[in-house]
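1. below are the sequence and a predicted model; questions follow.
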Amino acid sequence: MTRIPDTEASPVLRTDYSDDRAWEQLCALIQRPAMFRANVAFVSDRSYEGLTVAQIADAVPAAFRHSFIFVADETAIRHSEHPLLVIDLGDEPGRTFRVIPSEMWGVENNLSIANMDFHEFADNVEDDGVFRGFK
């Protein structure tokens with residue numbers, strides 16, 4: 001299996017290739033100006049197609065600089081809100097939640113500088129498991 005690249009910016013790993021237009025739209029939504037921007041690198045490589053959470057965790061290099069990874073899976077591509085999967089690689093490896101693109105900046109910015117912990121976002125998702133901001 002191909003190792004996930006250890007980019008300086010937080011990776012957004014594409015695992016669904018069913019709709020290129022939806023992927024491009026998702027990338028544009030993530031980059032849309034908000035209060036702040038998520039510092040991300042888009043990783044689109046068919047060798048990651050269909051990977052599970054466990055397989056993604058196994059593909060992360062040992063010295064990976066990030067404690068989490070964003071995943072553009074089938075749900076993120078097909079769902080109208082494009083909620084990306086966020087996988088914890090640090091405190092509770094394999095724990096997940098989803099985040100809408102307009103709230104990614106808060107997740108990425110705060111987790112990247114350890115200003116907040118993964119659980120602070122994961123524990124504040126709505127009933128459908130999606131983080132849409134703090135209420």
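-> Yep, it's here.

2. wasn't residue 11 part of a helix?
-> No. Checked against DSSP: H, G, I helix; E, B strand; the rest coil, residue 11 lies outside a helix; its state is strand.

3. mind checking how far it is from residue 126?
-> As defined by CB to CB, to the nearest Å, residue 11 lies at a distance of 25 Å from residue 126. For glycine as for every other residue, the C-beta is placed from the backbone atoms N, C-alpha and C.

4. could you do residue 3 as well?
-> With distances taken as CB to CB, residue 3 is found 34 Å from residue 126.

5. again with residue 100
-> Relative to residue 126, residue 100 is positioned 10 Å away (CB to CB).

6. helix or strand for residue 25, which one?
-> Secondary structure from DSSP states H and E places residue 25 in helix 20-31.

7. where exactly do the strands run in the chain?
-> Taking DSSP state E as the criterion, the chain carries its strands at 10-14, 40-43, 68-72, 84-88, 96-99, 130-131.

8. how about those strands, which one is nearest residue 24?
-> Residue 24 sits nearest to strand 40-43 of all these, at 10.0 Å, using CB to CB.

9. quick check: mean pLDDT of that closest one?
-> Mean pLDDT, strand 40-43: 96.

10. list the helices and strands that strand packs on?
-> When contacts are defined as 3 or more CB pairs under 8 Å, 6 or more residues apart in numbering; DSSP states H and E, strand 40-43 sits against strand 10-14.

11. can you give me the angle the strand it packs on makes with strand 68-72?
-> Relative orientation of strand 10-14 and strand 68-72, computed by axes from the mean of the first three to the mean of the last three CA atoms, to 10 degrees: 30 degrees.
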